[in-house]
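> got a predicted structure here, sequence first:
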Amino acid sequence: MLFSDHETDIQKMGYAFSKLEVNSGVLDGSSSTNEPDRLSNSSGHDIAHLTKLRTGPHGNLSRALPGQREFPVSTVKMLAGREANLSGRGRFSSGDCRHVLSKYLPVNGPCVVDQMSSRAYVSQFSADGSLFLAAFQGSQIRIYDVERGWKVQKNILARSLRWTITDTCLSPDQRHLIYASMSPIAHIVNVGSSTKDSHANVTEIHEGFDFSSPNESGYSFGIFSLKFSTDGREVVAGGSDGNIYVYDLEAKKLSLQISAHVSDVNSVCFADESSHLIYSGSDDNFCKVWDRRCFRARGKPAGVLMGHLEGITFIDSRGDGRYLISNGKDQSIKLWDIRKMSSDATCYQRYRNYEWDYRWMDYPPQARDLKHPYDQSVATYKGHSVLRTLIRCYFSPESSTGQKYIYTGSHDSCIYIYDLVSGAQVAKLQHHKSTVRDCSWHPNYPTLVSSSWDGDIVKWEFPGNGEAPSPANKKILRRRHFY
């Protein structure tokens, strides 16, 4: 009876707070009136169940009393349940922690971390969140020490830059950074050295790794995307020549080259920690899955994922070797389950009867309602704008949100956050005066940092640090050189 009384009290005391969360949306920065594309098939139910397991509170807290409506479990109710030891563990489980943290979206701000005179192309937190890097079109890469007030720890001036820095990646041990340009040569920098101003081959050596084949010469292609393997021994890269490259850093040579797509490979990543599977996204509208264990024998992808009507700008793996998301020039993000992939790489490719180039044209109104006749995606998320550049999207962090959300930059100068399961737009962050190409969510805290072509690096938090929002009065950049 004592247990039952405690539970009844906790149900009552959490009611008001729960109702506030449901009715006002003040804790999550919500919400959009757009009708979401809900997860309705079996694959959708699978990821909805997995997400609930990761972010759901203990059953004794979420169970409704007889005859009462079930409400979301508030933070007050969670704390009271912990004190009453309803879970039997005497502490919060990881699911309990995620349930609490996932309510508090990084929507307050903005606080300007840095302002540059050059377009920002890449922004990334390190795996532990202690470092943040931003790369700019004007040859600069800055690494900020997050734990020391966002002081610039290293200022890197890139070597042999062609057009812009297209991508960067920190090694898993956070000792090295690799960066790429519209060139087959990527360069690596020692992040941990004492040199603050790292000018390529002037104050510090930026060792180059040539991703081209021995029979190729000159700048035969550019690298759009690169990622370290989990053990830090390899780098996978996607090229403008339609190829995927895997470089062995210890042997200092290519270990694998795949003729992967018929157009630019805009994004590549490893599917999970094993590094056996590689995901790729291309301007040929396909996402493809490559299994390195059997590629040499088969010579073709393990599978193809169809659904985008236009080229793919970015892909992000959920890290489980099953799910991934992709941003497309058809103005949508798609969620994929590789168990639904096709084995036929020569199937349907294009489905439009209009001329359009995303680099300088708006998306045609007549194309917005088109659907791919063989769409294999689990869900589609719309509301943001994918124009002018290769805009990136990501799953929210596992440790703090259970990957409950998807977030993306946008050409309309905003950052969008969608609920993974419902598809609803739960937040839209506005500050920038130009395209937001990249953004990054802190792995452990409700902090998100966005980078834009207006040159601003901006931090969003919950509940904020008391700083007044910075004035948004910078001039809009009017350069017409897009990539």
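Now that the structure is in, tell me what you want to look at. Numbers count the residues shown, from 1 in each chain.
> any idea what sits nearest the residue nearest in space to the middle of the chain, other than its immediate chain neighbours?
Among the residues of the chain, the one closest to the centroid is Y394, at 2.0 Å (CA atoms, centre = their mean). Leaving aside its sequence neighbours, Y394 sits nearest to D316 (CB to CB, 6 or more residues apart in numbering; 4.7 Å). C-beta here means a position set from N, CA and C on the backbone, and glycine is covered the same way.
> would you confirm that that neighbour belongs to a strand?
Yes: under DSSP: H, G, I helix; E, B strand; the rest coil, D316 falls within a strand.
> what residues sit buried inside stretch 72-81?
Buried residues in stretch 72-81, counted by 16 or more other CB atoms under 10 Å: 72-75, 77-78, 80-81.
> before we move on, what about stretch 175-184?
Taking 16+ other CB under 10 Å as the criterion, stretch 175-184 shows 176-184 as buried.
> follow-up on the earlier one: quick one: the residue nearest to Y394 and H432, what's the gap?
Separation of D316 from H432 (CB to CB, to the nearest Å): 21 Å.
> of those two, which one has the most company?
Comparing D316 with H432 by other CB atoms under 10 Å, the one with more neighbours is H432, at 26 against 21.
> distance of the more buried one from I415?
Look at H432 and I415: by CB to CB, they are 8 Å apart.
> list of residues touching the helix ranked longest in the chain?
Secondary structure of the chain per DSSP state H: the longest helix is helix 42-55. The contact list for helix 42-55, computed with CB atoms under 8 Å, 6 or more residues apart in numbering, reads 38-39, 95, 98-99, 102, 323, 335, 337, 339-340, 378-379, 398, 401-404, 420-421.
> send the alpha carbons of that helix over as CSV?
What follows is helix 42-55, C-alpha atoms only, in CSV (Å, rounded to 0.1, in the frame of the first residue of the first chain):
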residue,chain,number,x,y,z
SER,A,42,6.8,-2.0,-40.3
SER,A,43,10.2,-0.4,-40.5
GLY,A,44,8.7,2.8,-39.2
HIS,A,45,7.2,0.9,-36.2
ASP,A,46,10.6,-0.6,-35.5
ILE,A,47,12.5,2.7,-35.2
ALA,A,48,9.6,4.2,-33.3
HIS,A,49,9.9,1.3,-30.8
LEU,A,50,13.7,1.7,-30.6
THR,A,51,13.4,5.4,-30.0
LYS,A,52,10.8,4.8,-27.3
LEU,A,53,13.1,2.3,-25.6
ARG,A,54,16.0,4.8,-25.7
THR,A,55,14.1,7.8,-24.4
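> avg pLDDT for it?
Mean per-residue pLDDT for helix 42-55: 81.
> make 17 the first number, not 1, from now on.
Taking 17 as the first residue, the last one we looked at is helix 58-71.
> re the thing from before, direction included, what does the helix or strand the residue nearest to the centre of the chain falls within pair against?
With secondary structure defined by DSSP states H and E, Y410 is part of strand 409-411. Strand pairing for strand 409-411, using DSSP bridges, gives strand 421-424 (antiparallel).
> continuing past the partner strand, what's the next helix or strand?
Once the chain leaves strand 421-424, the next helix or strand it forms, by DSSP H and E, is strand 430-435.
> and the contacts of helix 58-71, which of them are buried?
Among these, the ones that count as buried by 16+ other CB under 10 Å are 55, 111, 114-115, 118, 339, 351, 353, 356, 394-395, 414, 417-420, 436-437.
> narrow the residues you listed to those in helices?
Using DSSP H, the subset of the buried ones among the contacts of helix 58-71 located in helices is 111, 114-115, 414, 417.
> so which of these comes closest to S298?
Nearest to S298 among these is E414, at 27.0 Å by CB to CB.
> would you confirm that that closest one contacts D336?
No: in this structure E414 lies outside contact range of D336 using CB atoms under 8 Å: 9.6 Å.
> read off the pLDDT value for the nearest residue to I407 once chain neighbours are set aside.
Closest residue in space to I407, ignoring its immediate chain neighbours: G425 at 4.8 Å, by CB to CB, 6+ apart. At G425, the model reports a pLDDT of 98.
> check F108 too.
You'll see F108 listed with a pLDDT of 77.
> and the one 3 residues further on, by the same measure?
In the predicted model, G111 carries a pLDDT score of 80.
> ok so S241 is a helix residue?
No: looking at S241 with three-state DSSP, it is strand, so not inside a helix.
> who's in contact with it?
By CB under 8 Å, 6+ apart, the contact list for S241 reads 182-183, 196, 253-254, 281-285, 330.
> by neighbours, which of those wins?
Each of the contacts of S241 was scored by neighbours using other CB under 10 Å; the highest score is G254's, at 32 neighbours.
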